[in-house]
Structures are given as structure tokens and as C-alpha cells.
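> Structural data only, the sequence is not supplied:
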């Protein structure tokens, strides 16, 4: 067993063993595929009868999809490209939901022809596109929720307000679609299960209103938000999932089909990035903080450091030395490519150019964000163990 | 001649002619290579004796480098990858400066062996790496300037404070390097030449201090900041360059070698993006603003909309209809993938899914930022006319 404990740095001894000896010449994401299986099973144990639709966007590495197909997972796809990826790894089209509320007509038609039957929508025009290109499909309506307590609350980009849900249900019926339920998102990295309560209350009220209006609801998609360990203690996936499902059952009773879409919560802890310090400097002799520049930055995989929202942990071979605060930045000539400045990072005072820097729990939302080659740096490399 | 006028939408009739009839199935950057030549010549006419080092990071499309080599341009490279690109297109290594102040030792050694002789630095450790891997090289010290009036002021990421410059010069000499001058950056998209005055005053003071200390200075690298047209009037490139050089000469007299590094100012107006509206919606019946979702967003080429810093112009085939405010967002399931929300964009009230949306003056800092495939969407395609 490689799973040590939440709250500890070392979550996968295979990753650490590899990191200890690996020589790489550019930033590299190392994934432990056994850790993905373990996490899937732990989440499944907690989520019970809910179906897990892995949010492919979190990490579309082929081997992850292949492994999750073997584990029996379903998938949440954001695009035609992600549907094609899942199908290529043996996923059943009936196990793929097209969860992006913003879809091109041609991509809906592609999904429909491939056998995908379940689509997300939050607007009338989207329902019209689905009706035209996937006639008779099942749709769920995404609800906008704003009382998130997540580390990375979502914007207003997705979902419609409660007042619009009934008319979208009616419109879907008129268009020959089958409106089967609701979806929502509590916000990325919602660290404690009890943070779901307010959002679930809000959605349950809409749910009951639709039932009272005569709609038969069979699908509740509770979305993502399942946390990863980034330094603040989080519940184990099994206990987290079980507590969320308790909150769901209290409010919704027996729903025929509950879907959950972990992405970060499935793969973040299955990966670490091998990086390197390229420069350690001060701007003036009396600077209290050092600047540390890594060979990876916001445009080569660490996009989620935007606004310093997601705070990764760093380890180096010099961590037994005295530590001091650093401003951390990426290697590009882009002045926005600064990772942590408002809340500096503690790194060894002896750190110098050429030192290995390991960035932990980076299996989610890293490689996929990497640019094609901004500043001439190649995309984040990926190795699967 | 395709150059119409600054302040007008139509800067290249070749681009517009192509856009009017082109059919593309995904977001595509279209570049007019003749427009790049024209801009190079216009900038050169204004900058006079200054050498132009094109900032490759702005757009590393092969045909642009090839064309600028033919025009006689020099190049500013941010990485080994960009040096390799320039060399592959026939650039002379002596015409390439390695302008990133954050370089891996191995990349410095590569550049040195390839014949690159001029390197940037802003820290002691960087000078040590250069001395070890490119012995005897010429270096210029980048100065941190903070009184920028640019549309996109830079962070404190690059450059050292004035007080540290003399010791870095002394250290460079002690390491056997040749410290030949200074560089700075006024900030990206500095719209008016007179905005350079304060920064030039500051750098000239450091320059004179170094001369007084006995250093012989031959290189003044004035960096980038040359603006593109994004809706607010900007000076023509020739007049802008000439006015900046007047300000430089007033303060520095006859410098043997002045370098300028236009990136945005060289290529932004040589490109437009063909995009498509994927969804037009409201979140509730009484919403005053529509949400318009495009098939391109922050993670597929429009990274510079971060913080709504760079404001592109949009044209559609329905611009003769009544216009209304929109919140504009990208196609990914990422809630941060919103382009303009604080200051909405005016678009036709009749706009609907499937309509062409042209994003103008997007030849710089777009394709290179594109992710490898976030959410399963392919990178921004590029067509060169």
C-alpha cells in the first residue's frame, strides 16, 4: 500500500522513490497510476450508490483514462476531444456525460452519433442546439449557486438562476428533450463536507419546486469540489464522500441516479512535479525576501497559482537546513509569471540554482494547462509509473 | 499597400479579405506576413540607428522569424528553444541576445557554443552561471523600474534595484565577463512616447553613475513597450520610435549600441483570430447583460485578457444591428475562463450561436500562450498569408 496518510507530505512511496533518483532535463509530472486506482476505490467506498464520472479535464493523460475504464468509472467530458479520448480507451458511450454547458452544434451531433445520451445545459439556446443535434436526449440543467465556501469559488460563468430553471425544463419538454434533473458545483477544493450543506439546501428547494410542477426527476449531478491535500488537513476520500452523501440523502431522499464528478479529488495526490531552481536572487542588498525562479511557471503547468488560489507544497534536498521566505516565480519573461508573492513560500536558505524542487500533489490541473511552448519552453512532460 | 491607418479597425486588407471568406472549424490565428515586413520597416525608420531585436516570445511562428531574418532584424530570445528557432531560420548567432535574466546553466552553455555573445542578468548567481558557461561573454544588467505608465505595467519580477547595479558590474568584471551596459522595460503597451521620460531619467542616472565609476558603457537596451492598436489611439510606429529615440538621445547622448525589443509592436496588428460564438444566454430573465461564450478563451490563446488588461476589438457579420453589452467568456469548463466581465463588451443584440466573431490585432501573445489541449480543445491554429 502506498497511501500513507492525509496531512502528511508522503502520499505515495512509489512517487518518492522515483523522485529520489530520477534525472530529468525539464519539468516533469510523474504520475502513480496505482494511486489513481486507490483513490477511485476510496471515493467509491464513500460515495456509495452515486456514480463517479471522472472529470477528464483534471488530467487527460491516456493511462489515467485507461485505468479508470478498467475500474468501472464513468466520465464527465468537456469537449468532443475528451469524448474521443474516453472512447479510444474503451469507455462505453453510455458512461460518458457531456457536461460542458457551452457546446458547438457539431460537437453535440458527434457525441449523439457516438452514443452519448446525457448533456448539460443552462440556457435556452443550448437546449435548442441539443434538440437539433441530439434529438430526444436526456438533459440536466445546471444551477448557479453562489454561497460557496470553496478555496477556489467559481465565477458566475456556469448555471442559471433558480428562477429560470422551471422555464428551461418546460422548454426542454417542448423541444422533445428529456429534462431528467439538476447539476451544480460547490466550488473547487471544498475542503470540508459540511461546506456542502448550504448549497444542497438551495438546490433541494429548486428540486422540490420542479417535482411540485409535475416534473419527474431522476438525475442529481453533485459535480466536483472533492478536495486534495495542499497543506491544510482534508478528510479521507471515503469519509468525505460518505458525509456528502449523507447530506444529499437528508435533503433529496432516494434519487434514482446521483452523479459525482471528482477531478482534483481523484488525481491530484497521484502526481508530483520534478522541477529545478534556476535562480535565487535579491533585488537589493537589504531585501528581506529572496526571489526564487523555477523552471516551471504559470504558463507551463502551474496555472492554478493564479491569484495564489492553490498553494502547492515544495520539498527540496536541503530541507534540513534553515528555512526562509521566498517569492516564487516561473522561468518565462512574462512579468505575470509569478507564483507566490503575497504569501511567500518557505524554502531552505541554502537553495541555489540547479537544485531539485519537488512540487507535491500536482496530478490535477497542471499538464493540461501547459502552453504549447510559451517563451520557447516545451510543454510539461509526463511520466506514468 | 495594406496599411490603412492607426485608429481604424482595418489594418490589413489581406487579412480582411481572407476573413470574409475563410471557413475554419476551430479558432484560427491568421497572420499577414507582409504586414510584419511593413511594421519592421516602419519601426526601423523611426528607431534610426537603434538595432531592432524582435522579441521572439511575442509570436514564434516560423514564417515570422524567417521573414525578419530576411529583413535584417536581430532577435531577443527567452530560451534555448527560441535561439534554436532563430538559428534554424538563418539568423546569425551574433544577432541574437539571450535576454531572459533566468537561464539554466546548460542553456547558457548551449547559447555560448552556438555563438551567442550577449546575455542579460540581474543577479550575482546569474553572472556566476554565465561566467562558468559562457566565459568572457558580454552582459547587460537589467534595472528594475517602477514608474511605468503602461497599460500592462510589469511586476517586480525582473531587474535589480539601482543600488545593486554597481556591485553587479564589479562582480561581472571579477568573473571575467564584460559588463557592457543596461537594460530596462517601460512596461508592455506603453501607449505614448512621452510616458518613457521618467523611466529614461531613472536609468540615465544609473548610467552616469557607472561611467563616473570608470565603467565603459556601450550597450543601452531600451526593451519593449511599443504599443499596438487595441482601441485607444496610438502613434504610428515611425513617429513613436523617433520620439522615443529623441528622449533617449537627450539623456544618453551618443551610445555606440542602442537595442530595442519590440514584440507586440511588431506583430500584433499583423494578425486576427477567426472565432465563433458558441452560446448566447442570460442567467435569469431580468439579467441586463447577456453572456456570450466564444470557442476561444484564456487557455486557448487569449491569456492576455487576464485582469482585463488587454482589450481586444471584436467584429461580427451583424455589426450593422443594434449593439448591447455582453460578458464575454471562453469555452472551457474553467470558471476563471472569463474574458471581460468588469467592463463588458458591446456586441450585436442579434448575435447567436454559430456566428463568426473576428478578434482583431491578435498577432502577438496569443498562439504561444495556447494550452496543449485544456478541456480537450486543440491549440490555436495558425495560418500565414
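Cool, the structure landed. Owing to the predicted nature of the structure, the values given are computational and were not obtained by experimental measurement. Numbering: from 1, shown residues only, chains lettered A, B, ... in the order given.
> What is the end-to-end distance of stretch A:27-35?
With C-alpha to C-alpha, to the nearest Å as the measure, stretch A:27-35 spans 21 Å from end to end.
> Next up, phi/psi of residue A:236, please.
Phi and psi for residue A:236, reported as degrees, to the nearest 10, are phi -60, psi 150.
> What's the local residue count around it?
Residue A:236: 16 surrounding residues under other C-beta atoms under 10 Å in any protein chain shown. (Glycine included, C-beta is placed from N, CA and C.)
> Could you do the one 4 residues further on as well?
Neighbour count of residue A:240, defined by other C-beta under 10 Å: 26.
> Report the spatially closest residue to it, excluding sequence-adjacent ones.
What sits nearest to residue A:240 in space, not counting adjacent residues and going by C-beta to C-beta, 6 or more residues apart in numbering or on different chains, is residue A:193, at 5.5 Å.
> ok, that neighbour - contacts?
A:235, A:239-240, A:243-244, A:247 (C-beta atoms under 8 Å, 6 or more residues apart in numbering or on different chains).
> Could you do residue A:123 as well?
A:101, A:160, A:168, B:279-282.
> again, but for residue A:157
Taking C-beta under 8 Å, 6+ apart, one finds B:291, B:329, B:335, B:337-338 in contact with residue A:157.
> Next to chain B, which bits of the stretch 151-300 of chain A? Give me the list.
A:154-161, A:163-164, A:167, A:188, A:276, A:278-285, A:291, A:293, A:295, A:299 (C-beta under 8 Å from any C-beta of the partner chain).
> tell me the domain boundaries of chain A?
When chain A is parsed with automatic domain parsing, its domains come out as A:33-262, A:269-384.
> And residue A:30, how close does it get to residue A:348?
Distance from residue A:30 to residue A:348, counting by C-beta to C-beta, to the nearest Å: 22 Å.
> Between these two, which has more neighbouring residues?
residue A:30 (25 against 20).
> Wasn't that one part of a strand?
Yes. Residue state for residue A:30 (DSSP: H, G, I helix; E, B strand; the rest coil) corresponds to a strand.
> How much space separates it from chain B?
Going from residue A:30 to chain B by C-beta to the nearest C-beta, to the nearest Å gives 18 Å.
> For beta bridges, what are the partners of that residue?
residue A:272, residue A:383 (DSSP bridges).
> pretty sure it contacts residue A:275?
No. In this structure, residue A:30 is not within contact of residue A:275 by C-beta atoms under 8 Å, at 11.2 Å.
> Where do the helices of the stretch 1-150 of chain A begin and end?
Secondary structure of the stretch 1-150 of chain A (DSSP state H, counting those that start in this stretch): helices located at A:13-21, A:33-47, A:62-71, A:80-88, A:105-114, A:124-133.
> okay, the angle between the fifth one and helix A:124-133?
Translated: helix A:105-114. With axes from the mean of the first three to the mean of the last three C-alpha atoms, to 10 degrees defining the directions, helix A:105-114 sits at 50 degrees from helix A:124-133.
> Please say whether there is contact between helix A:105-114 and chain B.
Yes. Shown here: helix A:105-114 in contact with chain B (C-beta under 8 Å from any C-beta) through A:105-106.
> For that helix, which outside residues touch it?
A:77, A:79-80, A:83, A:87, A:93, A:96, A:98, A:119, A:129-130, A:132-135, A:137, B:25, B:353-354.
> gap between it and the chain center?
24 Å (C-alpha atoms, centre = their mean, to the nearest Å).
> can you check the third one too?
Between the mean C-alpha location of helix A:62-71 and the chain-wide mean there is a distance of 16 Å, by C-alpha atoms, centre = their mean.
> Go ahead and name everything in contact with that helix.
With C-beta under 8 Å, 6+ apart, helix A:62-71 has contacts from A:31, A:33, A:36-37, A:40-41, A:54, A:56, A:75, A:85-86, A:88-91, A:266-267, A:384.
> In PyMOL, how would I select the buried members of those?
Applying 16 or more other C-beta atoms under 10 Å in any protein chain shown to the contacts of helix A:62-71 leaves a buried subset, and the PyMOL line that selects it is:
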select buried, chain A and resi 31+33+36+40+54+56+75+85+86+89+91+266+267+384
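> Spit out the contact partners of the residue sitting furthest away from the middle of chain A.
The centre of chain A is farthest from one residue, residue A:285, which by C-alpha atoms, centre = their mean lies 41.6 Å away. Contacts for residue A:285 (C-beta under 8 Å, 6+ apart) come out as B:163-164, B:167.
> Out of those residues, list just those in helices.
If you go by DSSP state H, the contacts of residue A:285 have residue B:167 in helices.
> Quick one: buried ones out of the contacts of residue A:285?
residue B:164.
> of all the contacts of residue A:285, which comes closest to residue A:304?
Using C-beta to C-beta, residue B:164 is the member of the contacts of residue A:285 that lies nearest residue A:304, at 32.8 Å.
> ok, now how distant is the nearest residue to that closest one once chain neighbours are set aside from residue A:332?
Closest residue in space to residue B:164, ignoring its immediate chain neighbours: residue A:284 at 5.1 Å, by C-beta to C-beta, 6+ apart. Going from residue A:284 to residue A:332 by C-beta to C-beta gives 23 Å.
> What of residue A:70?
Distance from residue A:70 to residue A:332, by C-beta to C-beta: 38 Å.
> who has more neighbours, those two?
Per other C-beta under 10 Å, whichever of residue A:70 and residue A:332 has more neighbours is residue A:332, with 27 against 12.
> Who are the contact partners of the more buried one?
Here residue A:332 is in contact with A:297, A:299-300, A:374-375, A:377, B:57, B:78, B:100 (criterion: C-beta under 8 Å, 6+ apart).
> Residue B:14: which of the residues you listed is nearest?
residue B:57 (24.9 Å).
> check contacts around that closest one.
A:332-334, A:374-376, B:78, B:82, B:263, B:365, B:368.
> again, 10 Å this time
Contacts for residue B:57 (C-beta atoms under 10 Å, 6 or more residues apart in numbering or on different chains) come out as A:332-334, A:373-377, B:76-79, B:82, B:99-100, B:224, B:261, B:263, B:364-365, B:368-369.
> Pull the number of nearby residues for the nearest residue to residue A:215 once chain neighbours are set aside.
Of all residues not flanking residue A:215 in the chain, residue A:169 sits nearest, at 5.5 Å (C-beta to C-beta, 6+ apart). By the measure other C-beta under 10 Å, the count of residues near residue A:169 is 24.
> in what helix or strand does residue A:169 lie?
Here residue A:169, judged by DSSP states H and E, is contained in helix A:165-174.
> what stretches of the stretch 1-150 of chain A score poorly on pLDDT?
A:1-11, A:147-148, A:150 (pLDDT under 70).
> for chain B, what are the nearby residues on it?
A:25-26, A:55-57, A:60, A:76-86, A:99-107, A:120-126, A:128-129, A:144 (C-beta under 10 Å from any C-beta of the partner chain).
> List buried residues within those residues.
A:26, A:55-57, A:60, A:76-83, A:85-86, A:99-105, A:107, A:120-126, A:128-129, A:144.
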